[in-house]
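1. Return atomic coordinates for the entry below.
(one chain, ligands or ions: 1)
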Amino acid sequence: MSLSNCRIIELPKISDPRGNLSFVEGGNHIPFDIKRMYYMYDVPGGAERGAHAHKGMHQLIIAMSGSFDVILNDGHHAKRFHLARSYYGLYVCPMMWRALDNFSSGAVCAVLSSSRYDEDDYIRDYDSFLKAALA
Ligand code: TYD
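-> Predicted structure coming up:
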């Protein structure tokens, strides 16, 4: 799995003077079916979240409100993505070390995931990640 598989996906946006609307269909706008959504909010200034990889899970990360950065690292290269619009999602393929920081106040980070929560799918130790990623 390489960093080049990860990308910003522009989601449909229905502009409306009453308020805009965006949507995501699993298998259509994103390359996986959605089994779970979770979200982070009330993130204190200066906090860092993430700092782990997933062995098999695909995810889409959306800044539903506010902004934050996602740093992706495939073991060879790292890239920082700034998310600030609710009609953009960052597709994160499996075996990608990710960290999230630079949260604005009031930021809400939603994550659509290809599987339910499974602690066995996490790699939480960076050296173990590197060993697996570079094997
Ligand atoms: P974690 O994924 O480590 O958060 P972060 O990506 O910010 O590091 O999850 C934090 C805690 O929440 C951890 O104890 C597991 C729990 N958790 C669930 O129970 N279900 C979930 O769907 C998620 C994402 C986390």
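2. how about the residues of the chain near the ligand?
-> Counting by C-beta under 6 Å from any ligand atom, the residues of the chain close to the ligand are 36, 38, 49-50, 117. (Each C-beta comes from the backbone N, C-alpha and C, glycine too.)
3. Show me those residues that map onto helices.
-> Assignment to helices by DSSP state H places none of the residues of the chain next to the ligand there.
4. Buried only: go through those residues for me.
-> Listed as buried from the residues of the chain next to the ligand are Gly50; burial here means 16 or more other C-beta atoms under 10 Å.
5. Output the residues of the chain next to the ligand as CSV; include the columns pLDDT and distance to Asp16.
-> Formatted as CSV, the residues of the chain next to the ligand follow (pLDDT from 0 to 100; distance: C-beta to C-beta, whole Å):
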residue, pLDDT, distance to Asp16
Arg36, 98, 29
Tyr38, 98, 28
Arg49, 97, 32
Gly50, 96, 33
Tyr117, 98, 35
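6. Pipe the residues of the chain next to the ligand into TSV and attach distance to Met57 per row.
-> Output for the residues of the chain next to the ligand, formatted as TSV (distance: C-beta to C-beta, whole Å):
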residue	distance to Met57
Arg36	9
Tyr38	12
Arg49	16
Gly50	13
Tyr117	10
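7. Toward the C-terminus from the helix or strand containing Leu112, list the very next helix or strand.
-> Leu112 is located in strand 108-113, with elements delineated by DSSP states H and E. Next along the chain after strand 108-113, taking DSSP H and E as the criterion, comes strand 122-123.
8. from the chain's centre, how far out does that next one sit?
-> 15 Å (C-alpha atoms, centre = their mean, to the nearest Å).
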